[in-house]
Structure formats: C-alpha cells, structure tokens
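Trainee: please find the sequence and the predicted model below.
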Amino acid sequence: MTTFTRVLRPLVVAGIATTVLYAFLFSWTEFLGALTFTTNDWIYTLPVALVNIESSDAYGQINYGVLIAGAVIAMITRIIMYVAFQRFYVRSPVSGAVKG
C-alpha cells in the first residue's frame, strides 16, 4: 500500500484529472440530448439556448453580440476548469519519478 500511495497514485492523478475534465466538457457542450429531452426555455443548456437566441429574431437576422457573449461565457468555464486542473498535469509526472 505504501508503494501505491507514494509512487503509483501521483502518476495516476493526471489521468484521473483528464477523465474528469473530458467528462465535464462533454456534458457541458452536449447538444443533441439537451435539445431532445428539455422542453422548457428555463432549463435549456447553454448551447441549446444560444441556438434559440440566434434563431429568435426575424428570419435571416442573427444577433452576433448575444451569440458571441454566450460563447465567451461557455469559454470562461472551460478556462477555469483548465486552470483548476493544471497543477495536476504539471506535478503528476515528476512526483512519482523522483523521491528524495
């Protein structure tokens, strides 16, 4: 157990952090399931809400300001997740290899 906790666990943390990050990003940007299963406007996910805002104006007109603002909101969340997990990516490969 000591070998596992001191050597193997630090090496596995980067893989676990990557899995958590991919699972979050997949659920955050999931479009088809959210479009299919949500029926009320107030429970739409961000991608579905952006499509509805984009097509809610007159035919053929797109409000690019609102569309880009929604894209920035979606991007900020991804940047925060990356910064939160960055320490695992930097620290993990080195922590299991060199002990002193």
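Mentor: Nice, thanks for sending it over.

Trainee: contacts only, for the spatially most central residue of the chain.
Mentor: Centroid check for the chain by C-alpha atoms, centre = their mean gives residue 25 as the closest residue, at 2.9 Å. For residue 25, the contacting residues are 78, 81, by C-beta atoms under 8 Å, 6 or more residues apart in numbering. All C-beta atoms are positioned from the backbone trio N, CA, C, and that covers glycine.

Trainee: that one is in what secondary structure piece?
Mentor: helix 9-28 (DSSP states H and E).

Trainee: helices of the chain, start to end?
Mentor: Per DSSP state H, the chain carries helices over the ranges 2-3, 9-28, 32-37, 46-55, 64-95.

Trainee: let's have these in TSV, adding mean pLDDT.
Mentor: Shown next, in TSV, are the helices of the chain (pLDDT from 0 to 100):
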stretch	mean pLDDT
helix 2-3	80
helix 9-28	83
helix 32-37	88
helix 46-55	79
helix 64-95	81
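
Trainee: ok, now how distant is the closest residue to residue 35 other than its chain neighbours from residue 78?
Mentor: Among residues not flanking residue 35 along the chain, residue 48 sits closest, at 5.2 Å (C-beta to C-beta, 6 or more residues apart in numbering). Using C-beta to C-beta, to the nearest Å, residue 48 is found at 17 Å from residue 78.

Trainee: neighbour count for those two, which is higher?
Mentor: Using other C-beta atoms under 10 Å as the criterion, residue 48 and residue 78 rank with residue 48 on top: 19 against 14.

Trainee: show the contacting residues for the more buried one.
Mentor: Per C-beta under 8 Å, 6+ apart, neighbours of residue 48: 31, 34-35, 38.

Trainee: many thanks, have a good one.
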